[in-house]
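>>> Pasting the sequence and the predicted coordinates here, then a few questions.
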Amino acid sequence: MGNEKKIAKKKDFENYYNCISSLKTRIGDLALKNTQNDIDELKIFFVNLQTKATRNGIFITLNSIQNIPDYRIFISMCSELINVNIEFDNPSADVMGEGPYTFFYFIYQNPKKVKDVLNCAYRIYSHFKKNTHKVLEYLFRLGESLIICHSEYDENLTTYMDFFIRRAENFLLGFCTIQRLLVNMHHNSFITILTSIENMIPTNGDMHCGGKVPYFITDSINQFIYKPRDMRLDTIIMELLAFSNTFLEEKIKLPVLATYLLPDNTGFMDIAVHAQEMDEEQAKSYFLKFGALLCFAKLFGIDDLHYENIMATEQGPIIIDLECALNPNSIRTKVITDKALGFLKQAFISKKRENATFLVNNNIFPLTYWKEYIYEGFAKAAQCFKNHTQEFIDKYSDFMHQPYSYCYRIVPIITGEFYIHMHSMINEPSFITQQRINDICQSTIEYLNKFIFNNMIQNHLNLNLLFQNIYYSMRSGEIPLFQLSATIDTKENIYYMGYINNQPFFKNPIIVNTLSAFKKELEHKINWLNSDEAMSSLIKFITY
């Protein structure tokens, strides 16, 4: 698009100095001199390799400053604005062909909103200081899209920045809610570190339920990740992992992360440290355990095993997000591969640096390179589960009889598609947006019909609530959170209740199974994992 990065030329310098001269006239030369180092930092940024769009965005920003208070606000966070830099690993995702994208590029795209955006950025800066640029990068991105107009003929550009501001406000609401909750609980021994908000660093996790994302929580000794969702399922799975390790032979024992539940059932998880590189022997041990983990995941219905949700560590692979575990359909399904595992496999093939991938001899090898170790680990774990079938069934039954329900997440369409819809909604007519939301509702119904309730679900749904929650979530820049809770009554009937953003969207709980029937399904799955059919499915996943 003719917007490649270039060193500033004579004309650029002239324009810059004219802009600074006008700024001096408006706010006074003395105010500028008092912050000369800060304005010099902007000058260096301007002079270095930049796109035309970024330089024009700097001019628009400087020209918007009309008084000393505005100038001081801008200068206080200028360094963080300069650090905003969004690049795509996949070049085809850079639709405009104008990356890398800077903060000032977005100003250039939305010049009418410059003051609103600067005020919004300053609110973020007041909370996150040196991490402000990371937050802004997160808020400007929607999956593999950016909050920009992809059509050079679209004249209504301000709608994109309106969306950014809504998303930022939603994010700040979530942050303040979480901060208040955690600080109020600081008397708990493992969260005394939360007396200072500087210890809260947001992750790039998807936003749900009022702008909430996971946060890294650190002090001088410990580091945790706080997850603002129901963490009971994570705790259950980690208990099941620890239970499995009492039977698994030493070389395929799986690492277990500690979790800490809070009274509202949100909680903390220990940080898993990514091993970016391993030697050959470490890698062989890793993939033995990877095979065992894959068998464990298939037994206990753990979906969403993509390249971000498995962390490669020196102790072995660790699933760091377990909200999609204990899915009854996955427990019933007799196949190894799925869409998420396909993404994981592709990450190794394309040599992508992700949580799940790591270097061996300065190379990322495809899963086929390690197939014999994966097969061995899987087969040994499957035999272990077979040898202790009753113990595992009893252990699962114990969880079902606990006096609380657990929620597992369902994903009626993949996360990336939510972001695609979200981006398209920003500037389209309302009737098209309504059709998009209707399509997502229908996908949700089809998912539940096919996998959970055997074509009986539609009459049990509050469709208005479902539609409204999807719409308001996506309008605010977050992904609606769909969950199912499972409870058991005195007759051992298993009931399910559907939730969207923590609100029930089933009219009443629905009986979908009995505990005795589910135990049989679990036993059938253990038998299947030891079959030639399961090994054939694993081989197909790894090699084809």
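The structure has been received and is ready for your questions.

>>> low-confidence ranges in this protein?
1-3, 90-96, 149-157, 186-198, 219-221, 403-405, 451-456 (pLDDT under 70).

>>> So which residue is dead centre in it?
Nearest residue to the geometric centre of the chain (C-alpha atoms, centre = their mean): Gly205, 2.8 Å.

>>> Hmm, that residue is touching Tyr215, no?
No: using C-beta atoms under 8 Å, Gly205 makes no contact with Tyr215, being 9.0 Å away. Glycine gets a C-beta too; all of them are placed from N, C-alpha and C.

>>> thinking again about what came up before, distance check, the residue nearest to the centre of the chain against Lys134.
Using C-beta to C-beta, to the nearest Å, Gly205 is found at 13 Å from Lys134.

>>> who touches both of the two?
Contact with both Gly205 and Lys134 is made by no residue, according to C-beta atoms under 8 Å, 6 or more residues apart in numbering.

>>> circling back to that earlier point, give me the three-state assignment for the residue nearest to the centre of the chain.
coil (DSSP: H, G, I helix; E, B strand; the rest coil).

>>> what's the answer for Gly477, then?
coil.

>>> ok, it - contacts?
Gly477 touches 139, 142, 163-164, 166-167, 170-171, 207, 422, counting by C-beta under 8 Å, 6+ apart.

>>> and what of Leu254?
241, 244-245, 248, 289, 292-293, 296, 316-318.

>>> By neighbours, which of these wins?
Counting neighbours by other C-beta atoms under 10 Å, Ala292 comes out on top of those with 30 neighbours.

>>> returning to that earlier point: and the two most separated of the contacts of Gly477?
Spatial extent of these (C-beta to C-beta) is set by the pair Phe171 and Met422 at 14.2 Å.

>>> any idea which helix is longest in this structure?
helix 158-184 (DSSP state H).

>>> elements contacting that helix?
Under the contact definition 3 or more C-beta pairs under 8 Å, 6 or more residues apart in numbering; DSSP states H and E, helix 158-184 sits against helix 103-109, helix 114-128, helix 132-140, strand 200-202.

>>> how about the ones you listed, which one is nearest Ile494?
Closest approach to Ile494 among those (C-beta to C-beta): strand 200-202, 36.6 Å.

>>> In the next helix-or-strand element following the closest one, which residues are buried?
Next helix or strand after strand 200-202 toward the C-terminus (DSSP states H and E): strand 215-218. The neighbour-count check on strand 215-218 (16 or more other C-beta atoms under 10 Å) flags 215, 217-218 as buried.

>>> Which one of those residues is nearest to Val512?
Looking across the buried residues of strand 215-218 and measuring by C-beta to C-beta, the closest to Val512 is Tyr215, at 34.9 Å.

>>> Report the contact partners of the closest one.
Here Tyr215 is in contact with 178, 200-203, 225-226, 228 (C-beta under 8 Å, 6+ apart).

>>> Repeat that for Asn361.
If you count contacts by C-beta under 8 Å, 6+ apart, then Asn361 has Glu280 around it.

>>> give me the number of residues near the closest residue in space to Thr177 that isn't next to it in sequence?
Leaving aside its chain neighbours, Thr177 sits nearest to Gly210 (6.6 Å; criterion: C-beta to C-beta, 6 or more residues apart in numbering). For Gly210, the count of nearby residues is 17 (other C-beta under 10 Å).

>>> Kindly provide the distance from Gly210 to Asn464.
Separation of Gly210 from Asn464 (C-beta to C-beta) stands at 20 Å.

>>> Equivalent analysis for Ile68, please.
51 Å.

>>> quick one: which of the two has more around it?
Just comparing Ile68 and Asn464: by other C-beta under 10 Å the higher neighbour count belongs to Ile68, 15 against 9.

>>> The more buried one contacts Asp29, correct?
No: using C-beta under 8 Å, Ile68 is not in contact with Asp29, being 11.8 Å away.

>>> And the strands in the stretch 351-500 of the chain?
Along the stretch 351-500 of the chain, the stretches classed as strands by DSSP state E, counting those that start in this stretch are 406-409, 482-488, 493-500.

>>> Please convert these to TSV, extending it with mean neighbour count.
Shown next, in TSV, are those (neighbours: other C-beta atoms under 10 Å):
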stretch	mean neighbour count
strand 406-409	23
strand 482-488	20
strand 493-500	19
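
>>> of all those, which lies closest to Cys441?
Cys441 sits nearest to strand 493-500 of all these, at 10.1 Å, using C-beta to C-beta.

>>> Heading C-terminal from the closest one, find the next helix or strand.
strand 503-504.

>>> Please spell out which residues along the helix or strand following that following strand are buried.
Downstream of strand 503-504, the first helix or strand assigned by DSSP H and E is strand 510-514. Going by neighbour count (16+ other C-beta under 10 Å), the buried part of strand 510-514 is 510, 512-513.

>>> partners of strand 510-514 in the sheet?
Paired strands of strand 510-514, with direction, are strand 493-500 (antiparallel) (DSSP bridges).

>>> got a list of contacts for the partner strand?
400, 405, 407, 448, 452-453, 461, 465-466, 469-470, 480-489, 504-506, 509-515, 518.

>>> Relative to Pro412, how far out is Ile440?
7 Å.

>>> Lys540 now?
Lys540 sits 26 Å away from Pro412, taking C-beta to C-beta as the criterion.
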